[in-house]
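Q: Provided below for reference: sequence and predicted model.
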Amino acid sequence: MSVAAVRAFLAPFGLSDRIRTFDVSSATVSLAAQALGVEEARIAKTLAFRKKDGSTLLVCTAGDTKVDNKCYKAEFGMKARMLSGEEALLETGFAIGGVCPFVKAEHIDIVLDRSLERFDTIYPAAGDSTSAVILSCEELEKVTGGRWATVCTVLQ
């Protein structure tokens, strides 16, 4: 998939014009924050996990968080198991650095971590390692159909 696929995904919601592309990499939280000129916490990183039944789970969380294993296990009934880069690409269509929650597939669940709710606007990747899209939390919920949960902890 690509930025074009994300643009098409966002178009029915009237949000395709929110995508920003860069001449520099935005593949990590730090690089994305630099490219956008925002604090790292506002970068919405999307982490890919394998669920018990073999399906895929995407967790969209703030850039200053890490998975809280206790919360993850309480929410999903198992220890967190992240997908490899190859698995993430195969399951989502996006490569590491561009993985984002803008997918509609029966085998993919999307969870929005409550760490994002402290911001008016957030910046998830938009399909590749040189892009991002500016959204409110409400817009992210609407376009992804994701549900809110607490599975991450803010780093100190």
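A: Noted; the coordinates are in hand. Numbering: from 1, shown residues only.

Q: And the pLDDT at the residue nearest the centre of the chain?
A: With the centre of the chain defined as its mean C-alpha position, the nearest residue by C-alpha atoms, centre = their mean is T46, 2.6 Å away. pLDDT recorded at T46 is 96.

Q: ok, now which ones touch it?
A: If a contact means C-beta atoms under 8 Å, 6 or more residues apart in numbering, then T46 has L58, V59, C60, T61, V99, C100, P101, P124, A125 as its contacts. (Glycine included, C-beta is placed from N, CA and C.)

Q: Distance-wise, check it relative to D23.
A: Using C-beta to C-beta, to the nearest Å, we find T46 at a distance of 23 Å from D23.

Q: Check A125 too.
A: With the distance defined as C-beta to C-beta, A125 ends up 16 Å from D23.

Q: Looking at those two, which one has more neighbours?
A: Under the neighbour definition other C-beta atoms under 10 Å, A125 and D23 were set side by side, and A125 has more, 28 against 6.

Q: Just give the closest residue to that one, not the sequence neighbours.
A: When the adjacent residues along the chain are set aside, A125 lies closest to C100, with 4.4 Å between them (C-beta to C-beta, 6 or more residues apart in numbering).

Q: Can you tell me the number of residues neighbouring the one you found?
A: Counted with other C-beta under 10 Å, the burial measure for C100 works out to 27 neighbours.
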